[in-house]
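Trainee: the sequence isn't on hand, but the structure is:
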């Protein structure tokens, strides 16, 4: 087992030195508070990652906008495709 480049034997020495310096009661308190801070840091990290994650599989639905056609100008003249008899007479005459 290798945690942060520290092997088993080095980890055992660190625990023995901490036990001698802190004592058994104080060492348990320090370990408990360190675990509590570690858990809070993990929760904060997960919350940050969750808020930054974008769901790429979810389809993006664009809002449908209805566009009303523009009204014809007031001065406009309607054109027809077929020629009426009046128009034919005017063109001939």
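Mentor: Thanks, I have the structure now. If you're wondering where the values come from, they're calculated on a predicted model, not measured in any experiment. Numbers count the residues shown, from 1 in each chain.
Trainee: sketch out the low-pLDDT regions of the chain for me.
Mentor: 1, 3, 54-57, 76, 78-93 (pLDDT under 70).
Trainee: kindly list the longest helix within it.
Mentor: helix 24-52 (DSSP state H).
Trainee: name the helices or strands packed onto that helix?
Mentor: helix 8-22 (3 or more C-beta pairs under 8 Å, 6 or more residues apart in numbering; DSSP states H and E). Every C-beta, even on glycine, is put in place using the N, C-alpha and C of the backbone.
Trainee: show me how far the helix it packs on is from its chain's centre.
Mentor: Computed by C-alpha atoms, centre = their mean, to the nearest Å, the chain-centroid distance of helix 8-22 equals 44 Å.
Trainee: helix 24-52 and that helix, what's the angle between them?
Mentor: 120 degrees (axes from the mean of the first three to the mean of the last three C-alpha atoms, to 10 degrees).
Trainee: tell me how many other residues surround residue 14.
Mentor: Residues lying near residue 14 (other C-beta atoms under 10 Å) number 11.
Trainee: what residues are up against it?
Mentor: Residues in contact with residue 14 (C-beta atoms under 8 Å, 6 or more residues apart in numbering) are residue 6.
Trainee: against residue 66, how distant is it?
Mentor: Distance of residue 14 to residue 66, computed by C-beta to C-beta, to the nearest Å: 70 Å.
Trainee: likewise for residue 38?
Mentor: Distance from residue 38 to residue 66, by C-beta to C-beta: 55 Å.
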